[in-house]
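In: Provided below are the primary sequence and the corresponding predicted coordinates.
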Amino acid sequence: MKRYFIHTFGCQMNVNDSLRMSEALSKMSYVPTPEPENADLIILNTCSIREKAEDKMLSALGRYRAVKASRGAILGVGGCVAQQEKDKLLKKVPYLDFVFGPDNIAKLPEVITRVQEARERVVETAFVDSEEYVFPRADAETSRGKVTEFVTVMKGCDNVCSFCVVPHTRGREVSRAFPEVLVEVADLARVGLREVTLIGQNVNSYLGGISFAQLLLRTAEVPGIERVRFTTSHPHDLSDELIEAFRIQPKIAPHFHLPVQCGSDRILKMMRRDYTVEQYLVQLAKLRAARPGIAVTTDIIVGFPGETEEEFEMTMKLTELVKYENQFSFVYSPRPKTGAALREKDWGLIPHEVKVARLERLQKLQRRISGEYTQSQVGLDVEVMVEGRSRYDATKRFGRTPENRTVNFEGDAPAGSFVTVHIERATPNQLQGRQVAVLKEPTVAPLPVELPVPLHVPAEA
Ligand code: SAM
Ligand code: SF4
């Protein structure tokens with residue numbers, strides 16, 4: 001048996017792609033190893049959303065070079081950097097064996113065989129950005145023992161946000177036909193999963209035969225499924241129909257990740273986001289009226305070319321006004337072939353130290369607001385879906401509230417149960433408490449040995 005190790009960078013899409021790679025490798029009799037130094041095959045599934053992500057992958061690649069030298073491991077790069085760099089990556093990294101794009105995961109066995117048997121260096125980065133694209137079908141058995149899973153509903157992006165490399169690395173939008181999505185969800189429910197997160201770069205522009213709102217409603221009706229989540233959404237596609245789905249279906253979890261990017265209309269226009277702050281706030285108010293208490297999170301970029309101090313203050317004000325439960329904020333990073341990178345000198349480069357100082361101020365404000373939310377839960381009884389053992393303390397359990405707040409608690413309910421937890425303490429990032437009641441038992445018998453709870457993957461790492 002040969003061993004493989006996959007190092008995943010970036011967003012949920014990549015995490016999901018790595019799972020599909022694992023499935024393909026297990027059919028070739030490869031088994032996973034947690035130690036890269038014992039691997040016969042190492043794959044880096046990469047992210048190119050910001051320069052830092054690319055730098056991290058290059059330094060990891062340097063470390064894995066030693067494994068290749070010591071045991072002749074095969075080394076491959078997949079994901080967005082692979083798509084962006086294509087054969088240039090093989091020239092840049094002479095010890096690399098293969099490069100494959102996100103649309104070529106199904107070809108992985110063939111690529112590895114070519115490397116092993118023909119000693120070829122292989123590049124597979126063709127886009128399949130049409131309805132001919134076959135979405136890798138998840139094998140539900142791989143998810144047995146888990147409680148929550150991602151389900152891909154679309155790939156690519158048809159928007160042209162001026163800062164973003166995704167349309168170049170993931171291609172045009174293709175939606176997955178809704179019956180296929182529902183079959184995958186039903187298969188997951190059959191092995192005991194209670195929650196699914198429908199994923200795509202811009203899920204609410206879904207066109208897989210029914211609207212995205214309808215897809216959520218149909219997913220929520222799959223027997224065994226108790227919570228439905230999704231990520232990520234573009235504000236201009238936040239339809240009234242989607243808001244209505246939140247009103248009528250309580251299984252659609254009360255959490256909406258709605259990336260605003262910044263609080264200035266002028267910058268939004270330069271970003272080509274095609275909504276104004278006011279339009280964003282109007283839709284948000286409708287959403288909050290439809291589902292009172294819904295947790296709203298966002299993404300923000302600071303230091304976009306030309307952003308003035310006043311415009312940054314608008315982002316601070318918006319953060320304060322919306323009172324986001326949480327946000328992923330980043331300094332602007334110029335990306336190859338993007339509109340903003342081509343024009344940033346004309347628009348005005350923001351010095352790195354200014355960008356970093358703005359980011360620190362924004363993150364400090366967000367920590368305060370997040371802390372207010374978690375503190376407001378102390379003394380309350382909340383519903384928690386149990387995902388397994390706590391990562392911080394093996395004697396405790398870990399789960400999430402419907403709003404996606406993480407909870408570590410004293411209790412004994414197995415993964416897949418729903419319990420009431422009395423919240424006793426809070427930090428800005430998590431709640432702590434003790435189980436006071438069991439609301440629902442798991443739908444299938446728990447595994448004899450509990451799977452480790454995976455690290456929570458943020459909207460964008
Ligand atoms: N599709 C989502 C949307 O429209 O908001 C965003 C997906 S993108 C993969 C995740 C986040 O990365 C974006 O919301 C943005 O905040 C951030 N991001 C994208 N390009 C960036 C760049 N060049 N510099 C800094 N942050 C960036
Ligand atoms: Fe990138 Fe999201 Fe804009 Fe698409 S909608 S280009 S993924 S930021």
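Out: Perfect, I can see it now. Numbers count the residues shown, from 1 in each chain. Ligands and ions are numbered 1, 2, ... in the order given.
In: How about residues contacting the helix or strand harbouring L242?
Out: For L242, the host element (DSSP states H and E) is helix 240-248. Residues outside helix 240-248 that contact it (Cβ atoms under 8 Å, 6 or more residues apart in numbering): 204, 211-214, 216-217, 252, 254, 256, 283, 286-287, 290-291, 294. Any C-beta I mention is one placed from the backbone N, CA and C, and that applies to glycine too.
In: Same check on stretch 431-446?
Out: Under Cβ under 8 Å, 6+ apart, the answer for stretch 431-446 is 145, 189, 191-192, 194, 224, 226, 374, 377-378, 381-383, 397, 401, 405-426.
In: what separates that stretch from the chain centre, distance-wise?
Out: 26 Å (Cα atoms, centre = their mean, to the nearest Å).
In: what does stretch 50-58 give?
Out: Distance of stretch 50-58 from its chain centroid, counting by Cα atoms, centre = their mean, is 17 Å.
In: Same check on stretch 122-136?
Out: On Cα atoms, centre = their mean, the centre of stretch 122-136 falls 21 Å from the chain's centre.
In: How about stretch 259-271?
Out: When distances are taken as Cα atoms, centre = their mean, stretch 259-271 is centred 22 Å away from the chain's centroid.
In: quick one: contacts of it?
Out: 161-163, 232-235, 273, 275-277, 280, 298-302, 304-307, 311, 314-319, 322, 340, 347, 459.
In: Which among the residues you listed count as buried?
Out: Among the contacts of stretch 259-271, the ones that count as buried by 16 or more other Cβ atoms under 10 Å are 161-163, 232-235, 273, 275, 277, 280, 298-302, 304-307, 311, 314-316, 318-319, 322, 340, 459.
In: Just the pLDDT for V457.
Out: pLDDT for V457: 40.
In: same deal with K2?
Out: 93.
In: Just give the closest residue to it, not the sequence neighbours.
Out: Spatial nearest neighbour of K2, chain neighbours left out: D40 (4.2 Å); criterion: Cβ to Cβ, 6 or more residues apart in numbering.
In: what about that neighbour, how many residues close to it?
Out: Applying other Cβ atoms under 10 Å, we find 18 residues neighbouring D40.
In: show me the contacts for it.
Out: D40 neighbours (Cβ under 8 Å, 6+ apart): K2, R3, Y4, Y30, R71, G72, A73, I74.
In: Out of those, which is nearest to ligand 2?
Out: Closest to ligand 2 out of the contacts of D40 is Y4 (29.1 Å), distances taken as Cβ to the nearest ligand atom.
In: so when I look at that closest one, I'm seeing a strand, right?
Out: Yes - according to DSSP: H, G, I helix; E, B strand; the rest coil, Y4 belongs to a strand.
In: what are the bridge partners for it, then?
Out: P32, L41 (DSSP bridges).
In: Give me the neighbour count for it.
Out: 23.
In: In this structure, what residue spans correspond to helices?
Out: For the chain, the helices defined by DSSP state H occupy 12-26, 51-71, 79-85, 87-92, 108-118, 166-170, 178-190, 212-220, 240-248, 265-271, 277-290, 309-322, 339-347, 352-375.
In: Check which helices and strands the helix-or-strand element of the chain with minimal mean pLDDT sits against.
Out: The helix or strand of the chain with the lowest confidence, counting by mean pLDDT, DSSP states H and E, is helix 51-71 at a mean of 88. The helices and strands touching helix 51-71, judged by 3 or more Cβ pairs under 8 Å, 6 or more residues apart in numbering; DSSP states H and E, are strand 41-46, strand 74-78.
In: by how many degrees do it and strand 41-46 diverge?
Out: Computed by axes from the mean of the first three to the mean of the last three Cα atoms, to 10 degrees, the angle separating helix 51-71 from strand 41-46 equals 170 degrees.
In: and the longest strand seen in the chain, which residues are buried?
Out: Longest strand in the chain by number of residues (criterion: DSSP state E): strand 430-440. Of the residues in strand 430-440, L431, Q432, G433, Q435 count as buried by neighbour count, 16+ other Cβ under 10 Å.
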